[in-house]
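Enquirer: From the sequence below, what's the structure:
(one chain, ligands or ions: 1)
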Amino acid sequence: MIKELSEQICDELMACAKTFDDDAMVQIAEKIDKANNIFCVGLGRSRLSIMGFAMRLMHMGYSVHLVGDVTTPAIQKGDVLIVGSGSGETKSLLGMTQKCVDLGVEICLFTRKPDSTVGKRAAVKLVISAATTSDASQAAVQTIQPMGSLFEQSCLIAYDSIIVYLMRKKGTNGQEMHKRHANLE
Ligand SMILES: O=C([C@H](O)CO)[C@H](O)[C@H](O)COP(=O)(O)O
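Expert: Below is the predicted model:
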């Protein structure tokens, strides 16, 4: 009974992944690789997804910061801001992304809404065409799950796909990455 639900959720994820724009993902990966520093931001549930991406980028040896942490420094031109936002309209992101535009910092966005305010400011955006409980209308993939779960899970798939792409590009592997994992835990 519950196993069937697991399979249904995996089917939803596969359907979403099939809609990913490969060019956009490669462009995002290349911008990450070239950036001086990578800043990751998301709010609420979207933050939970992007936290894992930030940690994996750190494991790869990149200089990465999670916006909102007390040790996160000022962003500057030459850095990149990676945003995970289903709506592209979350209030605090509007101020942050305007600041990045003013500073000449490039923005990469994972979103359901490419025409949103943040979408219009992004240099590259990956559209995650996942329905939510409150908005199923324009999504390619419908869902049995509540709220933004399918969006958040699909972001994780996209984030991990970019990590594997970068691992291959840099010739690194899980053992090397594990050496950078926190040893104060
Ligand atoms: O927590 C969230 C959810 O919508 C709860 O109602 C969102 O992840 C959070 O509000 C951020 O929204 P988006 O920027 O639209 O992802």
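Enquirer: quick one, phi psi at the spatially most central residue of the chain?
Expert: If you average the C-alpha coordinates of the chain and look for the closest C-alpha using CA atoms, centre = their mean, you land on residue 84, 4.6 Å from that point. Backbone torsions for residue 84, taken as degrees, to the nearest 10, come to phi -110, psi 110.
Enquirer: ditto for residue 75
Expert: Dihedral pair for residue 75: phi -90, psi 150, per degrees, to the nearest 10.
Enquirer: Pull up the per-residue confidence for it.
Expert: In this prediction, residue 75 carries a pLDDT score of 98.
Enquirer: Residue 154 now?
Expert: According to the prediction, residue 154 has pLDDT 98.
Enquirer: Might you report the residue contacts of it?
Expert: Taking CB atoms under 8 Å, 6 or more residues apart in numbering as the contact definition, residue 154 lies against 13, 16-17, 128, 130. Placement of C-beta: from N, CA and C, glycine included.
Enquirer: residue of this structure with the smallest distance to the ligand?
Expert: Per CB to the nearest ligand atom, the residue of the chain with the smallest distance to the ligand is residue 44, at 2.3 Å.
Enquirer: Give me every residue in this structure lying close to the ligand.
Expert: If contact is defined as CB under 6 Å from any ligand atom, the residues of the chain in contact with the ligand are 43-46, 85-87, 90, 147-148.
Enquirer: Now pLDDT, neighbour count and distance to residue 167 too, for the contacts of residue 154, in JSON lines please.
Expert: Supplementary listing: the contacts of residue 154 in JSON lines, determined by pLDDT from 0 to 100; neighbours: other CB atoms under 10 Å; distance: CB to CB, whole Å:
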{"residue": "13", "pLDDT": "98", "neighbour count": "18", "distance to residue 167": "21"}
{"residue": "16", "pLDDT": "97", "neighbour count": "24", "distance to residue 167": "22"}
{"residue": "17", "pLDDT": "98", "neighbour count": "14", "distance to residue 167": "18"}
{"residue": "128", "pLDDT": "97", "neighbour count": "28", "distance to residue 167": "22"}
{"residue": "130", "pLDDT": "94", "neighbour count": "28", "distance to residue 167": "26"}
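Enquirer: tell me which element residue 80 falls in.
Expert: Secondary structure assigned from DSSP states H and E places residue 80 in strand 80-84.
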